[in-house]
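Visitor: Below are the sequence and a predicted model; questions follow.
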Amino acid sequence: MGTCTRGPGKVETVARNIGFIVEDQVKRWQIEHREKGKGEHGEYVPPPVIALSNQVASAGLPVAQKVGELLGIPVYDREIVEHIATTEKVHVEVVDSLDEKSQSRVDDYVLNLFRERNFDQSDYVRALTHTITSLWAHGSCVMIGRGASHIVWRKRLLAVRMVAPYAQRVHRAQDLLKLDKAAAQKYIQRTDAERAAFIRRYFAKDIDDPVNYDMVLNSAGLDIDRMARLVVAAYREKFGE
């Protein structure tokens, strides 16, 4: 599945129709379930997931895309998750593409999560949590942002944080967005603040606390392929996949 961010002033933008991408993925899930047939054998073990949180302009998106390519698993970026969570018809389609046992597990997991965690109790957070849990129930994947690392069960999660020196991020934003230095600085400061506020408000966590992640990667001295291979190696080491 392709990933991107959308609109002017967004890093690493590519043209695509999110609705079409989600619709195509739902069809894939339906086909996969038909091929699997009915019934499960043995104890159910949730699939492993990679959740990638990234500072803006730290190369998080291309690393996630490369990881998905290397592991052969879908990548869900912020916009895809947001689209599913906030579009009622799409949300229903994504949930309905799960079998009844999986739907029941999702409902139970979300209910227990809100009992045990200090999450915001808004309808939006419940929809977002249900969306991320449903994507997880469909199989292993890479999720970018939207608090996925605070929602998925930590034993089946590889939580990754992507960072980079501020000067490098400014230069990258200038190059990708064709901005002058002052505009790039303003964009990065605003986006960093928005992402930190999102996690603090809805999940009562500090986005920069390394304890919330299994690994933190600094893209200053590593290229995309090397960082992706490090994530894949950690994934296979943690889950034996």
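Guide: That came through, no problem. Residues are numbered from 1 along each chain as shown.

Visitor: Helix, strand, or coil at the residue most central in space within the chain?
Guide: The C-alpha lying nearest the average C-alpha coordinate of the chain belongs to Met143 (Cα atoms, centre = their mean; 1.9 Å). Assigned with DSSP: H, G, I helix; E, B strand; the rest coil, Met143 falls in the strand class.

Visitor: all helices for the chain, in order.
Guide: In the chain, the segments counted as helices under DSSP state H are 18-36, 60-71, 78-86, 88-96, 100-116, 123-138, 166-177, 181-203, 224-239.

Visitor: quick one: contacts of the third one?
Guide: If I follow you right, that is helix 78-86. Counting by Cβ atoms under 8 Å, 6 or more residues apart in numbering, the neighbours of helix 78-86 from elsewhere in the structure are 1, 3-6, 18-19, 21-22, 90-91, 94, 124, 127-128, 130-132, 134-135, 143-146, 148. C-beta coordinates here come from the backbone N, C-alpha and C atoms, glycine included.

Visitor: avg pLDDT for that helix?
Guide: Averaged across helix 78-86, pLDDT comes to 90.

Visitor: now it against helix 18-36, angle please.
Guide: 80 degrees (axes from the mean of the first three to the mean of the last three Cα atoms, to 10 degrees).

Visitor: buried sites along helix 78-86?
Guide: 78-85 (16 or more other Cβ atoms under 10 Å).

Visitor: Reformat the residues you listed as CSV; add distance to Leu70.
Guide: Putting those into CSV (distance: Cβ to Cβ, whole Å) gives the following:
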residue, distance to Leu70
Arg78, 21
Glu79, 23
Ile80, 20
Val81, 21
Glu82, 26
His83, 25
Ile84, 25
Ala85, 27
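
Visitor: wait, which of the residues you listed is closest to Tyr187?
Guide: Arg78 (15.8 Å; Cβ to Cβ).

Visitor: Once you drop chain neighbours, what's closest to that closest one?
Guide: The shortest distance from Arg78 to any non-neighbouring residue, by Cβ to Cβ, 6 or more residues apart in numbering, is to Gly145 (4.4 Å).

Visitor: And for Tyr44?
Guide: Leaving aside its sequence neighbours, Tyr44 sits nearest to Arg105 (Cβ to Cβ, 6+ apart; 7.4 Å).

Visitor: Quick one, grab the pLDDT at the one you found.
Guide: So Arg105 comes in at 92 (pLDDT).

Visitor: Can we start the residue count at 685 from this point?
Guide: Will do, 685 is the new start, and the previous item becomes Arg789.
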